[in-house]
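*Asks:* Below are the sequence and a predicted model for it; my questions follow.
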Amino acid sequence: MHVKSIEDILSERVRDAAAGALGMPVDGAVHLEVSNRPDLGDFATSVAFTLAKAARRPPLAVAELIAAALGGAAGDGAMIAGASASAPGFVNVRLSAAELSRSVDGICRAGGRIAQRAPTGDKVVVEHTNINPNKAAHVGHFRNACLGDSVVRILRRLGHTVEVQNYIDDTGVQVADVVVGLRFLEVPPQGDQPFDRYCSDVYVAVQHAYAADPALLARRREVQASVEEGHGPLAAFVHDVAGRIVTANLATMARAGIGYDVLTWESHILGLGFWQTAFERLRDGGALRFETDGPNAGCWVVPFGAGTVELEGKTVSEDKVLVTSQGTITYTAKDIAYQLWKFGLLGRDFSYRLWGAQADGRPLWTTALDDGSPDAPAFAHGDRVVNVIDVRQSYPQQVVYECLRRLGFAAQADRSHHLAYGVVNLSAAAARELGVAVDEGQAVVAMSGRGGIQVFADELLDRLAARLAERTADPDVASAVAVGAARYYMLKCGNTQDIAFDFDDALRTTGETGVYLQYALVRARGILRRLAEAGVSAAPAPPPPVLADADRALVLHMLRWPRALATAGDALTAQPVAKFAFELAAAFSAFYDNTGPIVQETDAGVQAWRAGLVQAFDLLFGDVLDTLGIPALDRI
RNA sequence: GCCCCCGUAGCUCAGUGGACAGAGCAACUGGCUUCGAACCAGUAGGUCGCACGUUCGAGCCGUGCCGGGGGUACCA
């Protein structure tokens, strides 16, 4: 259920008051913000500045007129307790205790989900994770999955139908490299390391082997050729390896509560001839050009950027090659076919079969080359598409969207979103801990799967859980707190911010961390538990005559949830939700510490009100944490 | 060359054109006989890279510089 937010209602009130006081129409929504002068009011608006000119009065005089009109509406049970004007022209509004009480009641009746919106009827396809199936997930992949998963949770709350796709590139060189290593090199496993970690090591070993013996590269071509033919024992082996790695990667993400709706395999896109269909469309639509000379002679290209340019004495082309002079298909080409399919524009479809059940009970499907399952739901046909992909792939992503445009699908191109996120590097300290030589003055070191310079996602979760196990007897609690800490670490920065991964930061359990959020909820649930034991109801109750600042601040913070969620959805980033969650937890912690124990409260009115307040916080904050994928616990 | 991102406290980062620029960490002071101190209350720490411009008002918008990173592959 979606209730109109306090700000929406206040905005209308201010607009009406301004129109009445000034005797002139006020167009559009009046922008309202949470006051950063809580001594003056709960909300503030600068609308007087914009109206001053037309009203032919100074801003402060306009603000005073609006405040007087708003204040006139105050009274018993009214929404607004009072309004004031302050220099140089702000209007400050204070909510009444009765309104705050109604808000607490509303939060409880909504089960905390006051930010949930009615279904919009549109479908958003979100692609994230997308790990090459030849290695264990590292913290860079983990950032991708955390961002994608939280954006999915945000969009679902905003009323969108969301389908999560995890693209598996099982035909690229990376898988081929590991298969070469497994078949032709004897790489000893380290102890009882899991298969995905072993493959990460093999991948590094293969790079060294190529350098020492270039003849080995022929083996890679051999593997790739067999994959392209799609049958034979080598192809079956590749398929088996990729499948085992995907299973391992899914298990890693499942630890953090991250799931999917469907796995889309690159080999299926090729095997079903999706690219051939897309190619013909592009060629016939005039979007492609076959080059007979120049740097791309013999290639099919999509003209892009400045075309052919002279740079530092060399002739280079900004056009994007889709089919090489050898006849092979580039990744971008496959991505064009994939993107067309996501929108239902290809005129082709996969068949599907069930991959398995996931931790949250949702089924996971996979594309299939055979007839698949008759029970499979319909996938793709999205109205919008969000691709969670490293910022370094911005250029090929733009090529993909431009190709849609050139095929006449401008609307779909506009509804294609590259959710670009910054790189996860290692801090100098983290790199040294991994045994990597770091130059003096070098702040960060790039991770490298080929070079074996990386921190694995499982390793991060394991180390966090181990640290937390020192403080709790329950290993399930330790791992749940570890998940919260790891996810918050990945979400608290903006999408475009590069992250310098640092063990000291990532393993912290105090301050602005996931632990802080979980601890606030644990404290609230501790109160509710004690109240229940004492037989005190936690149902919403009327406010006491005098409302403490900590109580007011807590209610007002909770009321900001819908806007925080909407902001996050508009920008396709979980960061505003992460920041909001921390601030709300801080408001609750201050409330907790700066007021007496509710269980021992002697004033029955105060006790009843605060019990209801804690109940509302528990419900609402549980929804906030779930949006971030942070487990809500009763005890830690 | 062209395109994109970043530059805010010692460090890591927030800051939808609005009031005195915030948080965490690190440093320093206090606070557990009370619903769990993984917390709270406080002190200190800033030419918001630089310069012009737009605006009643700029960390935010525009232009030009200076630093750092990335892209501009017949890799992904």
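*Replies:* Yes, it's here.
*Asks:* and the residue of the stretch 51-200 of chain A nearest RNA strand B?
*Replies:* Of all residues in the stretch 51-200 of chain A, residue A:90 sits closest to RNA strand B, at 3.5 Å by C-beta to the nearest atom of the strand. Yep, even glycine has a C-beta here, placed from its N, CA and C like the rest.
*Asks:* Likewise for the stretch 501-636 of chain A?
*Replies:* At 2.2 Å from RNA strand B, residue A:511 is the closest residue in the stretch 501-636 of chain A, using C-beta to the nearest atom of the strand.
*Asks:* per-residue confidence at that residue?
*Replies:* pLDDT for residue A:511: 96.
*Asks:* how would you label it: helix, strand or coil?
*Replies:* What DSSP: H, G, I helix; E, B strand; the rest coil gives for residue A:511 is coil.
*Asks:* Now for it, how many residues are close by?
*Replies:* Using other C-beta atoms under 10 Å, residue A:511 has 9 other residues around it.
*Asks:* for residue A:325, same thing?
*Replies:* So residue A:325, with other C-beta under 10 Å, has 12 neighbours.
*Asks:* Could you list the low-pLDDT ranges of chain A?
*Replies:* Scanning chain A for pLDDT under 70 picks out A:1-4, A:73-76, A:311-313.
*Asks:* Which helix in it has the most residues?
*Replies:* Ranked by residue count and defined by DSSP state H, the top helix of chain A is helix A:604-628.
*Asks:* mind checking how far that one is from the chain centre?
*Replies:* 25 Å (C-alpha atoms, centre = their mean, to the nearest Å).
*Asks:* which helices and strands sit right next to that helix?
*Replies:* Judged by 3 or more C-beta pairs under 8 Å, 6 or more residues apart in numbering; DSSP states H and E, the packing partners of helix A:604-628 are helix A:97-109, helix A:139-157, helix A:475-491, helix A:514-533, helix A:549-558, helix A:561-571, helix A:575-594.
*Asks:* who wins for proximity to residue A:381 among the ones you listed?
*Replies:* Taking C-beta to C-beta, helix A:139-157 is the member of the helices and strands packed on helix A:604-628 nearest to residue A:381, at 16.4 Å.
*Asks:* Can you give the distance of that closest one from its chain's centre?
*Replies:* Counting by C-alpha atoms, centre = their mean, helix A:139-157 comes out at 3 Å from the chain centroid.
*Asks:* and the angle from it to helix A:561-571?
*Replies:* Interaxial angle, helix A:139-157 versus helix A:561-571 (axes from the mean of the first three to the mean of the last three C-alpha atoms, to 10 degrees): 120 degrees.
*Asks:* the inter-axis angle of helix A:139-157 versus helix A:475-491?
*Replies:* Interaxial angle, helix A:139-157 versus helix A:475-491 (the same axes, to 10 degrees): 90 degrees.
*Asks:* Does RNA strand B have contacts with helix A:139-157?
*Replies:* No: figure legend: helix A:139-157 not in contact with RNA strand B (C-beta under 7 Å from any atom of the strand); closest approach 11.6 Å.
*Asks:* From residue A:5, how far out is the residue of the stretch 51-200 of chain A closest to RNA strand B?
*Replies:* Plainly put, residue A:90 is 21 Å away from residue A:5 if you go by C-beta to C-beta, to the nearest Å.
*Asks:* got the domain boundaries for chain A?
*Replies:* Using automatic domain parsing, the domain parsing of chain A gives A:6-95, A:514-628.
*Asks:* Could you say which of the ones you listed is packed most deeply?
*Replies:* Burial of the domains of chain A is given as mean neighbour count (mean count of other C-beta atoms under 10 Å); domain A:514-628 ranks first at a mean of 19.
*Asks:* How about the contacts made by the residue of the stretch 51-200 of chain A closest to RNA strand B?
*Replies:* A:40, A:44, A:45, A:46, A:48, A:63 (C-beta atoms under 8 Å, 6 or more residues apart in numbering).
*Asks:* Report the distance from stretch A:254-261 to the chain centre.
*Replies:* 13 Å.
*Asks:* For it, list every residue counted as buried.
*Replies:* For stretch A:254-261, a neighbour-count test (16 or more other C-beta atoms under 10 Å) marks A:255, A:256, A:257, A:258, A:259, A:260, A:261 as buried.
*Asks:* restrict the residues you listed to contacts with RNA strand B.
*Replies:* Contacts with RNA strand B are made by none of the buried residues of stretch A:254-261, judged by C-beta under 7 Å from any atom of the strand.
*Asks:* wait, which of the residues you listed is closest to residue A:34?
*Replies:* The shortest gap between residue A:34 and any of these belongs to residue A:257, at 30.6 Å (C-beta to C-beta).
*Asks:* so the closest one makes contact with residue A:629?
*Replies:* Yes: between residue A:257 and residue A:629 there is a contact under C-beta atoms under 8 Å: 4.9 Å.
*Asks:* and the gap between the nearest residue to residue A:550 once chain neighbours are set aside and residue A:358?
*Replies:* Distances taken as C-beta to C-beta, 6 or more residues apart in numbering place residue A:591 nearest to residue A:550, at 4.3 Å, with adjacent residues excluded. Residue A:591 sits 37 Å away from residue A:358 when distances are taken as C-beta to C-beta.
*Asks:* Please apply the same query to residue A:247.
*Replies:* Distance from residue A:247 to residue A:358, by C-beta to C-beta: 12 Å.
*Asks:* Which residue of these two possesses the greater neighbour count?
*Replies:* In this view residue A:247 and residue A:358 are compared by other C-beta under 10 Å, and residue A:358 has more residues nearby, 17 against 14.
*Asks:* got the contact list for the more buried one?
*Replies:* Per C-beta under 8 Å, 6+ apart, neighbours of residue A:358: A:254, A:259, A:260, A:364.
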